[in-house]
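K.L.:
give me the fold of what follows.
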Amino acid sequence: MVAAVPRLVERGIRVRIATTVDGQAPDELERLCVLHRALGVPEEDHVVRPVVRRGKAALEGMGIDLGDGVLPELTLTAEGAFLHPFAPTVRHGQTDLDLRAGAAIEPLSRALADFLEATGEPPAGSDAVRNIR
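P.N.:
Predicted coordinates for the structure are as follows:
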């Protein structure tokens, strides 16, 4: 998969890389940044997220609570549209549906409408940007 990234970038396809961290040493994160830069992915397309206390992370006492400033991000799975990439966690073989915005993922406009209805407007002064085209 990693070998495909430079080829996609060369073809003008925007590639975004997301990294989830929980207390990694700064040099470990910097090594990941060196990698994404070498692959041709600029800083603005490298998203760094905290581990959220759900699923296995909750069982191991890792991560932050969802209410600690984690912004919603439309995430689609076979089970529907979710509010965060870490929302559809699996416990005992079942997907948690507590943060599902809607069951439809097609058409995408329906999934997006469900997501926007569930999230509402960002709080005043928020630096969140909805990059929806």
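K.L.:
partner strands of the lowest-mean-pLDDT helix or strand in the chain, with direction?
P.N.:
Using mean pLDDT, DSSP states H and E, the weakest-scoring helix or strand in the chain turns out to be strand 90-91, at a mean of 77. In the sheet, strand 90-91 lines up against strand 94-95 (antiparallel) (DSSP bridges).
K.L.:
next SSE downstream of the strand it pairs with?
P.N.:
Counting by DSSP states H and E, the next helix or strand C-terminal to strand 94-95 is strand 100-102.
K.L.:
now do the same contact list for the closest residue to residue 80 other than its chain neighbours.
P.N.:
In this structure, residue 80 finds its nearest non-sequential neighbour in residue 103, 4.2 Å apart by CB to CB, 6 or more residues apart in numbering. The way it works is simple: take the backbone N, C-alpha and C, and place the C-beta from them, glycine included. Residues near residue 103 by CB atoms under 8 Å, 6 or more residues apart in numbering: 79, 80, 81.
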